[in-house]
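>>> Fold the following.
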Amino acid sequence: MSEPIANTPTTPAPVPTTPAPATAVPAATAPVATAIATAASVPTAAAPATPAAAAPLPVVPPPPVELKFTAKPMKIAAVPFLNAQPLIWQLAKHHQVSELAPAEMGRQLKAGLVDVALAPIAAYLLDPSLTIVPVAAIGSNGPVKSVRILSFASLKNVERLFVDSRSQTSVLLARLILKKWYGVKNLEVVHVDVKVFKPNQMKPWEAALQFGDSALISGPTGMVVTDLGEEWQMRTGKPFVYAVWMARNVQIAREIENDLLASKNEGVKHFGEIAEHYHGIWVFQAPQSKEYLEKNINYSYAAEQVQGQLEFQKLLKEEGMVI
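Alright, predicted model coming up:
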């Protein structure tokens, strides 16, 4: 159990886990040489066989550990994206887990429709009465790949931004970057359905924000791709937090904390398995999915991530985007 939960983000205490033993793999048996007779058919002693070099043992991932959850069964909401999968590892075996658009998380928590949600950090910035469960986050410390702006020209020329209607944090981040570092004033934000929206039909003064799985595919030919995780880190030198576990009250946060931590600690050991079985945007590209989870997404929620979160909140207030 980490330090007492409060509405102010805290650093989670690590929970020790016992790694499962790897399965031993038998080494290959070297072939036995056969004695060869001479041309005169005079029996001769067979030369001793030269042992074949043993093949290197393959790396065997740890077998899945059956987690023991201790909280009472709860209603848990998570975003329907690849990057959320390690944080909900096995939770559905004990809790009621459902997928929910990020923009709906805060409202459903406040209404008591869900107990816990892997919610966008914007939900907390807009309503600090929600309780952060400081055990894990979806973040980045450099290029994130799955949050980007597509444009035909420099971002300083953008007048209209098309955004995914499900997004919350990514929209605030895009608006902040465009206003503070590219000098974009009076930006028009238009919410669209990404399933039917065509970025390659935009005008030169328009841009499109993409996030989640839809941002993992290659952008249309001829478009400028701006990775917002990379842009944020370059400008501030800090990591960025996109989503974090939140509960509708402190009591629930304290009860569910160990379950969420156990799920994360085990889930991050199985990126390969998650990539193989995920049926999202990269269903036929498991190696790329695994690399994305390993290299682009940071699941920590420690002091460094909290500092990045506070920096985001400070800059939003300075630009008049949150109270």
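
>>> if you average pLDDT over stretch 183-193, what comes out?
Averaging pLDDT along stretch 183-193 yields 95.

>>> Pull out the buried positions in it.
Val184 (16 or more other Cβ atoms under 10 Å). To be clear about C-beta, it is placed using only N, CA and C from the backbone, and glycine gets the same treatment.

>>> ends of that stretch, how far apart?
27 Å (Cα to Cα, to the nearest Å).

>>> Ok, stretch 224-242 next?
End-to-end span of stretch 224-242 (Cα to Cα): 23 Å.

>>> which residues of the stretch 51-200 of the chain score low on pLDDT?
Judged by pLDDT under 70, the stretch 51-200 of the chain has its weakly predicted residues at 51-62.

>>> Would you map the helices across it?
Along the stretch 51-200 of the chain, counting by DSSP state H, counting those that start in this stretch, helices occupy 102-110, 121-126, 169-182.

>>> helix/strand/coil for Pro220?
Taking DSSP: H, G, I helix; E, B strand; the rest coil as the rule, one finds Pro220 in the coil state.

>>> Check what pLDDT it gets.
With respect to pLDDT, Pro220 has a value of 82.

>>> shouldn't it be in contact with Pro199?
Yes. Between Pro220 and Pro199 there is a contact under Cβ atoms under 8 Å: 5.7 Å.

>>> one step back: which stretch among the helices of the stretch 51-200 of the chain is buried most, on average?
Highest mean neighbour count among the helices of the stretch 51-200 of the chain (mean count of other Cβ atoms under 10 Å): helix 121-126, with a mean of 23.

>>> so who does the most centrally placed residue in the chain touch?
Taking Cα atoms, centre = their mean, the centroid of the chain lies closest to Asn83, which sits 3.0 Å from it. For Asn83, the contacting residues are Ile138, Ser146, Gly212, Tyr292, Leu293, Ile297, by Cβ atoms under 8 Å, 6 or more residues apart in numbering.

>>> tell me what the longest strand along the chain is packed against?
Longest strand in the chain, counting residues (DSSP state E): strand 131-140. With contacts taken as 3 or more Cβ pairs under 8 Å, 6 or more residues apart in numbering; DSSP states H and E, strand 131-140 sits against strand 240-247, helix 250-267, helix 303-318.

>>> Deepest-packed of those, please.
Of the helices and strands packed on strand 131-140, the one with the most neighbours on average (mean count of other Cβ under 10 Å) is strand 240-247, at a mean of 27.

>>> tilt between it and helix 102-110?
If you take axes from the mean of the first three to the mean of the last three Cα atoms, to 10 degrees, strand 240-247 sits at 30 degrees to helix 102-110.

>>> What strands flank strand 240-247, and is each parallel or antiparallel?
Its sheet considered, strand 240-247 pairs with strand 116-120 (antiparallel), strand 131-140 (antiparallel) by DSSP bridges.
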